[in-house]
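> sequence first, then the predicted structure:
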Amino acid sequence: MNFFKLLDGAEYIAQQGNPLIAGLDYDSRRVQPGWCFVAMRGESTDGNGYIDAALQAGAVAVVSDSLPPRADVPWAQVLHGRRALARLSANFYRRPAEKLFLSGITGTNGKTTTSFLLNAMLRSAGRKSALVGTVEYRIEDEHYPAPHTTPEALELNQFFARARRAQCTEAVMEVSSHALEQQRVYGIPFDVALFTNLTRDHLDYHGTMEEYFRSKAVLFQGSGTEPPRVAVINMEDEYGQRLSKLCKQEVIAYGMNSGDFHAEALAIEAQGTRFKLVTPAGQHAIWSPLLGRVNVFNIVAACAAAYARNVEWPAVLDAIARLDRVPGRFERVDVGQPFTVIVDYAHTDDALRNLTALARDFIAQRRVAGRVITVFGCGGDRDRSKRPLMGEAAGRGSDFVVLTSDNPRSENPLDIMNDALPGLQRSGTRYTLEPDRRKAIALAVHEAGPGDIVLIAGKGHEKVQVTSGGTVAFDDIEEARHALQAAGYGAREEQPANP
């Protein structure tokens with residue numbers, strides 16, 4: 001592809017030269033001979049400082065969002081670096097997203113489980129589907145690591161091109177507020193956009209809830225594209241109600257108790273959840289191995305999106321019945337102990353309230369005495385104001401709390417814990433402090449007795465812990481298993497299902 005074709009649709013204000021382009025990248029360390037280097041300003045680094053390194057690596061053209069054209073190399077100056085990267089990436093990989101029916105899911109909580117459900121429904125209907133999300137990326141049965149919930153535009157177009165080579169016709173994608181704000185999905189045409197909810201999170205980045213909401217709304221308005229054909233919105237969320245008023249497209253409303261799609265006759269049983277799904281096309285009896293009200297919300301949302309994608313009901317119901325776990329989302333660790341141990345990604349005050357409420361429901365339906373024991377921490381280098389809110393939410397929903405470290409990053413774990421402590425103390429629940437997460441998990445296991453439920457919250461599917469000293473291997477599921485075995489419980493093969 002020549003440079004002119006690569007720049008098609010990019011907002012450039014000056015350009016010179018027209019070499020053949022064999023590839024492109026925004027990381028000078030990955031540039032190869034014959035490639036184009038896209039120099040753009042990021043959050044912590046400025047790619048314009050690496051132009052010489054890219055040229056030495058063999059770049060034959062440079063696109064920059066900052067510097068004027070140079071006389072010694074083919075060049076284009078663009079108005080916005082990330083938008084340019086998105087256009088160039090789409091052009092180079094022959095616009096693969098335009099050949100897929102894309103369903104984008106955004107919101108604070110529920111994105112991952114909803115995306116797993118919708119992807120399973122599409123596949124149950126016989127459609128070839130790809131998945132982009134927090135836990136992993138998938139192309140049919142192939143699984144790939146997920147370094148980011150939503151990747152940069154270059155990696156996103158590379159992934160979609162791979163999906164098209166695998167003959168995928170659908171893709172389900174978690175779309176983060178960071179990606180929307182940074183225009184990583186600029187030029188990506190979504191057919192269906194789904195909104196789960198909006199609760200306090202990422203204010204270290206967005207600053208205010210209004211800015212956070214504004215970023216989420218971009219998915220429904222279109223970023224360099226027409227708006228999605230259909231918007232699926234949780235109308236029991238106040239921000240969902242506001243969002244619906246901004247939408248010009250068809251809106252499908254959903255909720256727990258109201259909306260075009262909602263639930264009736266909910267029953268949480270020992271091995272799963274039953275309810276009646278009310279839809280514009282009639283009612284359907286739902287059985288899911290996933291537990292709790294929060295997963296009913298996720299199931300109803302996915303059903304509404306599947307309806308928007310014209311998925312047949314037998315396929316929808318079959319997918320719901322078959323999906324028994326989502327990694328790191330209310331995931332059981334079982335080596336034969338007489339109590340339940342759950343690992344979950346809950347890392348906001350709202351998610352902790354949902355998680356502890358789900359644990360209470362689980363104990364109640366068994367009709368035996370049991371306590372909720374919660375291990376949690378707060379992330380470092382993130383919004384400090386949510387830490388006491390998380391402490392209070394964990395305390396009010398639990399009988400005993402172990403306050404520990406999560407991913408402290410550059411902060412002192414004790415400082416983070418001290419920020420959460422006032423909220424935990426307000427709750428009045430019994431608690432202890434243990435900054436070592438491994439010891440905290442062992443402490444909770446030691447505390448637990450028959451009928452109790454131990455919740456290990458915050459990291460879920462993550463396999464590392466990020467500290468000021470670097471990144472170390474750490475898996476809550478494995479740590480819980482080791483703690484159980486060290487406590488003397490028999491090691492038998494874990495059953496990968498919800499309790």
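Here it is on my side, so go on.

> separation between Leu352 and Asp201?
Leu352 sits 12 Å away from Asp201, going by C-beta to C-beta, to the nearest Å. Every C-beta, even on glycine, is put in place using the N, C-alpha and C of the backbone.

> higher neighbour count, those two?
Neighbour totals were compared for Leu352 and Asp201, and Leu352 leads with 27 against 22 (other C-beta atoms under 10 Å).

> so that one is in which element?
In this assignment (DSSP states H and E), Leu352 forms part of helix 349-366.

> which of the residues in that helix are buried?
By 16 or more other C-beta atoms under 10 Å, the buried positions in helix 349-366 come out as 349-356, 358-363.

> please read off the pLDDT at the spatially most central residue of the chain from the model.
What sits nearest the mean C-alpha location of the chain, by C-alpha atoms, centre = their mean, is Thr134, with 3.9 Å. With respect to pLDDT, Thr134 scores 90.

> does it touch Gly110 like I think?
No - Thr134 lies out of contact with Gly110 (C-beta atoms under 8 Å); the separation is 11.3 Å.

> centroid-wise, who is the farthest residue in this protein?
Ala71 (44.0 Å).

> for that one, phi and psi?
phi -80, psi -20 (degrees, to the nearest 10).

> His143 now?
Here is the backbone geometry of His143 (degrees, to the nearest 10): phi -110, psi 140.

> got a pLDDT number for it?
For His143, the predicted pLDDT is 92.

> if I pick the nearest residue to it once chain neighbours are set aside, what's in contact with it?
The shortest distance from His143 to any non-neighbouring residue, by C-beta to C-beta, 6 or more residues apart in numbering, is to Glu136 (5.3 Å). Contact analysis of Glu136 by C-beta atoms under 8 Å, 6 or more residues apart in numbering lists 143-146, 327.

> now the host helix or strand of Leu118: average pLDDT?
Secondary structure from DSSP H and E places Leu118 in helix 111-124. The average pLDDT within helix 111-124 is 97.

> chain center to it, what's the gap?
Distance of helix 111-124 from its chain centroid, counting by C-alpha atoms, centre = their mean, to the nearest Å, is 13 Å.

> what sits up against that helix?
103, 105, 129, 131, 133-135, 138, 140, 149, 170, 172-174, 194, 196, 290, 295, 298-299, 301-303, 305-306, 309, 311, 315-316, 318-320, 322-323, 326, 329, 345.

> quick check: phi and psi on Thr134?
According to degrees, to the nearest 10, Thr134 has phi -70, psi -40.

> from Asp344, how far off is it?
Applying C-beta to C-beta to Thr134 and Asp344 gives a distance of 13 Å.

> tell me where the stretch 151-300 of the chain has helices.
Assignment of helices within the stretch 151-300 of the chain using DSSP state H, counting those that start in this stretch yields the ranges 153-165, 177-181, 203-206, 209-221, 238-246, 293-308.

> out of those, deepest packed?
Sort the helices of the stretch 151-300 of the chain by mean neighbour count, taking mean count of other C-beta atoms under 10 Å, and helix 293-308 sits at the top with a mean of 26.

> could you check the angle helix 111-124 makes with it?
Here the directions of helix 293-308 and helix 111-124 differ by 40 degrees (axes from the mean of the first three to the mean of the last three C-alpha atoms, to 10 degrees).

> if we ignore the residues flanking it in sequence, what's nearest Ala59?
In space, Ala59 is closest to Phe37, 4.2 Å off (C-beta to C-beta, 6+ apart).

> ignore what I typed, I meant Ala166.
Per C-beta to C-beta, 6+ apart, closest to Ala166 is Ile139, 5.1 Å.

> what is the one you found paired to in the beta sheet?
Beta bridges link Ile139 to Ala130, Glu142, judged by DSSP bridges.
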